[in-house]
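Asker: Sequence unavailable; structure follows:
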Ligand SMILES: [Zn+2]
């Protein structure tokens, strides 16, 4: 049974790894309900979680979750002690704390950009996070931690990506790096080549017309003259300099 559980967890973690860009250390957002369940079932979160997920983890929570435990009184004192040990992540409720469930869901946003795993026993949180694609859920049942199978929202998102309807940012990056590594990126080159050809064919007739007009109308000859004069002056100066250099020989010629 243990091996089967571990296999399922590995399958699920790799699902999030490849489809949503999850990386170690896995960020695990925990609330008081999970700590309470861990305490009841004598589960050492810090020891068992990395073994179960087979990777490095970072346990974290929010100040709202901590404050909620404080207000709930002595029954949850043990859970509070456990939760206090974890890193406190900034939430947008610094001035006015909200319920732990509302806070955790706000940390996930629309697409869980910080790649949080959520560890909770709170039904409202689990129901809420299942609507957001790419949020792994951890809960405790029958004395063990369980990583829930990907939600329908996550599966739908992945399917949409595979059908080409969506391209996840993680995939966009990996596609770019793969192209660079293999020296492919010919699609861009071909596109550029086509564009260049069009550019070459278009400007030629236009530039010809403009030149003819200028010659016929003769509205801007003074500009050209000044340009020519400038060029002539430059050439004269250089000539003078060279003459000066040659001038050392010149007087000898004059004397003879
Ligand atoms: Zn908060």
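Answerer: Received the coordinates, thanks. Given the structure is predicted, the values throughout are model-derived calculations rather than measurements.
Asker: Am I right that residue 38 is in contact with residue 139?
Answerer: No. Contact between residue 38 and residue 139 fails when scored by C-beta atoms under 8 Å: they sit 10.5 Å apart. Placement of C-beta: from N, CA and C, glycine included.
Asker: More neighbours: which of these two?
Answerer: Between residue 38 and residue 139, counted using other C-beta atoms under 10 Å, the more crowded position is residue 38 (23 against 19).
Asker: list the buried ones in the helix or strand containing that one?
Answerer: Remark: residue 38 resides in helix 32-40, with elements defined by DSSP states H and E. Neighbour-count burial for helix 32-40, counted by 16 or more other C-beta atoms under 10 Å, picks out 32, 33, 34, 35, 36, 37, 38, 39.
Asker: Can you tell me the closest non-neighbouring residue to the third one?
Answerer: Beyond its immediate neighbours in the sequence, the residue positioned closest to residue 34 (C-beta to C-beta, 6 or more residues apart in numbering) is residue 119, lying 4.3 Å away.
Asker: was I right about the one you found contacting residue 146?
Answerer: No. Look at residue 119 against residue 146 with C-beta under 8 Å: they stay out of range, at 10.3 Å.
Asker: mind listing the strands for the stretch 101-250 of the chain?
Answerer: For the stretch 101-250 of the chain, the strands defined by DSSP state E, counting those that start in this stretch cover 116-119, 137-141, 144-147.
Asker: The ion: which of the ones you listed is closest?
Answerer: Smallest distance to the ion across those (C-beta to the ion): 13.4 Å, for strand 116-119.
Asker: what's the closest one packed up against?
Answerer: In terms of contacts (3 or more C-beta pairs under 8 Å, 6 or more residues apart in numbering; DSSP states H and E), strand 116-119 is packed against strand 26-30, helix 45-53, helix 100-108, strand 137-141.
Asker: tell me the most buried of the ones you listed?
Answerer: strand 26-30 (a mean of 24; mean count of other C-beta atoms under 10 Å).
Asker: Partner strands of that strand, with direction?
Answerer: Taking DSSP bridges as the criterion, strand 26-30 forms sheet pairs with strand 57-62 (parallel), strand 116-119 (parallel).
Asker: Deepest-packed of those strands, please.
Answerer: Taking mean count of other C-beta under 10 Å, strand 116-119 is the most buried of these, at a mean of 25.
Asker: So for that one, mean pLDDT?
Answerer: For strand 116-119, mean pLDDT is 98.
Asker: And for stretch 76-85?
Answerer: Computed over stretch 76-85, the average pLDDT equals 95.
Asker: quick one: buried residues of that stretch?
Answerer: Buried, per 16+ other C-beta under 10 Å, within stretch 76-85: 76, 79, 80, 82, 83.
Asker: Isn't the second one up against residue 36?
Answerer: Yes. Residue 79 sits in contact with residue 36 when judged by C-beta under 8 Å, with a separation of 4.1 Å.
Asker: Overlap of the contact sets of these two?
Answerer: Listed as contacting both residue 79 and residue 36 by C-beta atoms under 8 Å, 6 or more residues apart in numbering is no residue at all.
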